[in-house]
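>>> model the structure of this input:
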Amino acid sequence: MLAVDDPAALIAFPDGAGFVVGSLFHRHGAPEPISRFEPNDIEAIERTLGQHIFDRFWGCYIAVIRSPRGLVVLRDPSGALPCYYTASRDELVLASDPSMIFAATGRAVEIDRPQLARVLGLGGLPEERTALEGVRQVLPGSSLRVLDRQISAQSRWNPWHFVQQQGDCSVEEYTERLHRSTQLCVSAWSKVGGRSILGVSGGLDSSIVASCLQSSGSDFACVTMVTEDPLGDERPYSRALASHLGHPLLEERYSLEDVDLDLSSVRHLAVPFGRPDSRAYDAAMLRAAKQVGAQSIFTGNGGDNVFYMSHSARPLADRFRCSGWSYGLLKTVSDISTLTGENGGKVILHGIRAIQRSAEGYVWRPELDFLSEEITEELALNPANHPWLEATGKYRLPGKAAHIAMLIRMHHSLDAYRERDGIPVFHPLASQPLLETCLQIPVWLQCHQGFDRSIARSAFRAALPEILINRRTKGGPQGFSFQIFRHFREEIKDRLMDGLLANERIVDRRAIEAAFEAEPQTRAYTVARLLTLVDAEAWARHWRSTHGELV
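Numbers count the residues shown, from 1 in each chain. Take a look at the predicted model:
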């Protein structure tokens, strides 16, 4: 049985040989969604067990292919469309929302207590196992193969394949490639989105999306969010962008009235990792969408990750690994020094350390704050693992390893913001062609002339105001997070001290109590962490309220 909420999002193969759900574009064609495959493409898809889709198409999709060699399920490399599944001896159930799995199978909801604790300690690292018992997910760029009732998962899209295609291109050539790829991806999604709003912050990434929407002739309005804290007021930059492009700008405020600690911002997902301030952002964006009659919401999410926003010395290590001793090393030292404000000696020292540690591969740092000793010990015994990180020690490029880790980090936010109140949300900067383009750019060029995301800046320098292109700092909603924490202080404390997470010994009551006693010295990270945990508490209560249990 197959159920989709939009029949236009279904591409069926002849003779029941499979289907694709979602939006799909041809790699080398016009930026228009396709509605069917050519016969030669269908033959290639079946022959390669779906690899042809990864190689010749891109989009936001799940593909299911039937063949004599088994049933294959593919999830696109961007991860923009979730794919959960549960399997028994007689059936395989796939869904984009875990609640659909329980509705289809009639199974009772059970929270996987060990995995729930692990999720909270891994800091957003996606794993196949979710925090709902018996529900797993297909990771982005991976496949699920079912043959003779045996199920196996395999990574089919490997970011290191594109890293290996790094060449000796000039800055100008990389700049042109990035511009072309970004414009292609934004233009394609604009054909699906119709009239839209774009969340802008006055930063580089959302400004680039705005420029590309403008170039594609899209009908859109910009929306910027404002906090009571002056550091969260980005209106001067957002106004400069909207004025330059000639598009309207709506200015919305974060409001405590939109915060509800009982409702997790990610209650529709099979893992928690949201924050209460996200609900206030969602509510404001929905108000703006209704005001202008928008059919979709665009974001610049993922730009920092894809364009490689980094202030580390890893690019120096990569350049040494690729080019050895050269004059270029001195240029990269100078670039990183200008970017970070550190002197050249410190940059070289940190670069040497990155080289020395490169054989170990990328080490994903857990987030252990406020977790119980039992949980931290379990994470030490079973550290983070992801197929994209397994080869980092082999290639010994710490900068690219960190770049790939950044791509992994963005997947949870893409899962969380696929749609809001029936309005689709598009993150064009996370699209597969742009991922592949940026993976081929050496990281030392991404700090060229002392600017982070340097190639992206160069690509859109002629299209955006100088005040945006040369901007080195950016505000954010941190002030609103503190406002939430102060306003709901006692309620947050009660939920974390006496809630489900505490009763299951996932969080450490003593550490939480100490954090509230030291409130005047509370750091931004501490507030963000406590808000993440209280949202996880709401997530767990939501799933338990659907007749669920912890196991």
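>>> so where's the longest strand in this structure?
Across the chain, the longest stretch assigned as strand under DSSP state E is strand 57-67.
>>> quick one: list the elements packing against that strand.
Using 3 or more C-beta pairs under 8 Å, 6 or more residues apart in numbering; DSSP states H and E, the elements in contact with strand 57-67 are strand 18-26, helix 39-47, strand 70-75, helix 432-439. Placement of C-beta: from N, CA and C, glycine included.
>>> can I get these in JSON lines including mean neighbour count, distance to residue 534 and mean pLDDT?
JSON lines is the format used below for the helices and strands packed on strand 57-67 (neighbours: other C-beta atoms under 10 Å; distance: least, C-beta to C-beta, whole Å; pLDDT from 0 to 100):
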{"stretch": "strand 18-26", "mean neighbour count": "22", "distance to residue 534": "33", "mean pLDDT": "95"}
{"stretch": "helix 39-47", "mean neighbour count": "15", "distance to residue 534": "45", "mean pLDDT": "94"}
{"stretch": "strand 70-75", "mean neighbour count": "22", "distance to residue 534": "30", "mean pLDDT": "93"}
{"stretch": "helix 432-439", "mean neighbour count": "23", "distance to residue 534": "33", "mean pLDDT": "97"}
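>>> the ones you listed: which one's closest to residue 508?
Closest of the helices and strands packed on strand 57-67 to residue 508 is strand 70-75, at 35.4 Å (criterion: C-beta to C-beta).
>>> quick one: residues in contact with that closest one.
Identification of contacts with strand 70-75 by C-beta atoms under 8 Å, 6 or more residues apart in numbering yields 49-50, 53-54, 61-65, 81, 83, 85, 92, 94, 138-148, 156.
>>> flag the shaky bits of this structure, pLDDT-wise.
Across the chain, the ranges flagged by pLDDT under 70 are 1-5, 7, 393, 519-522, 547-551.
>>> identify the residues contacting the spatially most central residue of the chain.
Residue closest to the average C-alpha location in the chain (C-alpha atoms, centre = their mean): residue 410, at 2.0 Å. Applying C-beta under 8 Å, 6+ apart, we find residue 410 in contact with 301-302, 305-306, 430.
>>> show me which pair in the residues you listed is furthest apart.
Taking C-beta to C-beta as the measure, the contacts of residue 410 span a maximum distance of 9.8 Å, between 301 and 306.
>>> so the two - more neighbours on which side?
residue 306 (27 against 23; other C-beta atoms under 10 Å).
>>> which stretches in the stretch 451-551 of the chain count as strands?
With DSSP state E, counting those that start in this stretch as the criterion, the stretch 451-551 of the chain has strands at 549-550.
>>> tell me where it has helices.
Applying DSSP state H, counting those that start in this stretch to the stretch 451-551 of the chain gives helices spanning 454-459, 466-469, 478-487, 489-498, 500-503, 509-517, 524-545.
>>> could you say what helices and strands the fourth one packs with?
Read that as helix 489-498. helix 509-517, helix 524-545.
>>> out of the ones you listed, nearest to residue 18?
That would be helix 524-545 among those, by C-beta to C-beta, at 31.9 Å.
>>> buried set for that closest one?
Across helix 524-545, burial judged by 16 or more other C-beta atoms under 10 Å covers 526-543.
>>> contact partners of that helix?
109, 111, 116, 120, 132, 261-267, 269, 272-277, 367, 369-370, 478, 481-482, 484-485, 492, 495-496, 499-501, 507, 512, 515, 550.
>>> residue 317: which of the helices and strands packed on helix 489-498 is closest?
helix 524-545 (26.4 Å).
>>> what sits against the residue nearest to residue 438 when sequence neighbours are not counted?
What sits nearest to residue 438 in space, not counting adjacent residues and going by C-beta to C-beta, 6 or more residues apart in numbering, is residue 306, at 5.2 Å. Counting by C-beta under 8 Å, 6+ apart, residue 306 makes contact with 406-407, 410, 429-430, 434-435, 438.
>>> ok, now with 10 Å
By C-beta atoms under 10 Å, 6 or more residues apart in numbering, residue 306 lies in contact with 78, 178, 182, 205, 403, 406-407, 410, 427, 429-431, 434-435, 437-439, 453, 456.
>>> residue 125 too?
Listed by C-beta under 10 Å, 6+ apart, the contact set of residue 125 reads 118-119, 273, 364-367, 384-386, 389, 405, 408-409, 411-412.
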